[in-house]
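[1] From the sequence below, what's the structure:
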Amino acid sequence: MHSIESTQAILEDLIAELPPPLFNGLNGGVSLTEDAPLHERSLPGRPLYVLGAYHRDAMGRYILLHYGSLSRCYGHLPYQDYVAELRSVLRHELRHHVESLAGERGLLDEDREQIAAYLADAADSRPGR
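    Presented below is the predicted three-dimensional model:
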């Protein structure tokens, strides 16, 4: 299990890897929260955790990464694999930010397709199918 403190340190290192212009307009920066929210479409017995989220609202533009979700999904992984998953989540949310600035929606569409696949897989896995 990786602590929230070590996850914060990893996150800071991952942010430092990236070119500063990627963060332009991200006035709220990147924050790590303790929570483990479930996606609104999460199904009983098949939890679908929200690992991170890009926000654009009255508070501005910011990214929240959810330590509780990351820990539940990847906390068992060896250090390097955990870092790789955290890197992937951070870059995913940064892509949302960059696409938002550009008026693009490609990643939003990809996310919707992943949710549809999750729901279809769950429907195919029901007893009697």
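
[2] Just the strands from the protein, written as ranges.
    Applying DSSP state E to the chain gives strands spanning 30-33, 52-57, 60-66.

[3] For residue 119, which of those strands is the nearest?
    strand 52-57 (19.5 Å; CB to CB). Any C-beta I mention is one placed from the backbone N, CA and C, and that applies to glycine too.

[4] Correct me if wrong: residue 118 contacts residue 49.
    No: contact status for residue 118 versus residue 49: not in contact, 11.5 Å apart, counting by CB atoms under 8 Å.

[5] rewinding a little: please identify the most buried of the strands of the chain.
    strand 60-66 (a mean of 19; mean count of other CB atoms under 10 Å).

[6] wait, which of the strands of the chain is closest to residue 105?
    The nearest among the strands of the chain, by CB to CB, is strand 52-57 at 12.4 Å.

[7] quick check, distance from the closest one to the centre of its chain.
    Relative to its chain's centre, strand 52-57 lies at 10 Å (CA atoms, centre = their mean, to the nearest Å).

[8] tell me what that strand is packed against?
    strand 60-66, helix 79-102 (3 or more CB pairs under 8 Å, 6 or more residues apart in numbering; DSSP states H and E).

[9] can you put those in CSV and add mean pLDDT?
    Shown next, in CSV, are the helices and strands packed on strand 52-57 (pLDDT from 0 to 100):
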stretch, mean pLDDT
strand 60-66, 97
helix 79-102, 97
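
[10] For the spatially closest residue to residue 106 that is not a sequence neighbour, which residues are in contact?
    The spatially closest residue to residue 106, leaving aside those adjacent along the chain, is residue 99, at 6.3 Å (CB to CB, 6 or more residues apart in numbering). For residue 99, the contact set (CB atoms under 8 Å, 6 or more residues apart in numbering) comprises 105-108.

[11] residue contacts, residue 26?
    Applying CB under 8 Å, 6+ apart, we find residue 26 in contact with 61-63, 97.

[12] Dead centre of the chain: give me the residue that sits there.
    Centroid check for the chain by CA atoms, centre = their mean gives residue 52 as the closest residue, at 2.7 Å.

[13] That one contacts residue 63, doesn't it?
    Yes: counting by CB under 8 Å, residue 52 does reach residue 63; the two are 6.4 Å apart.
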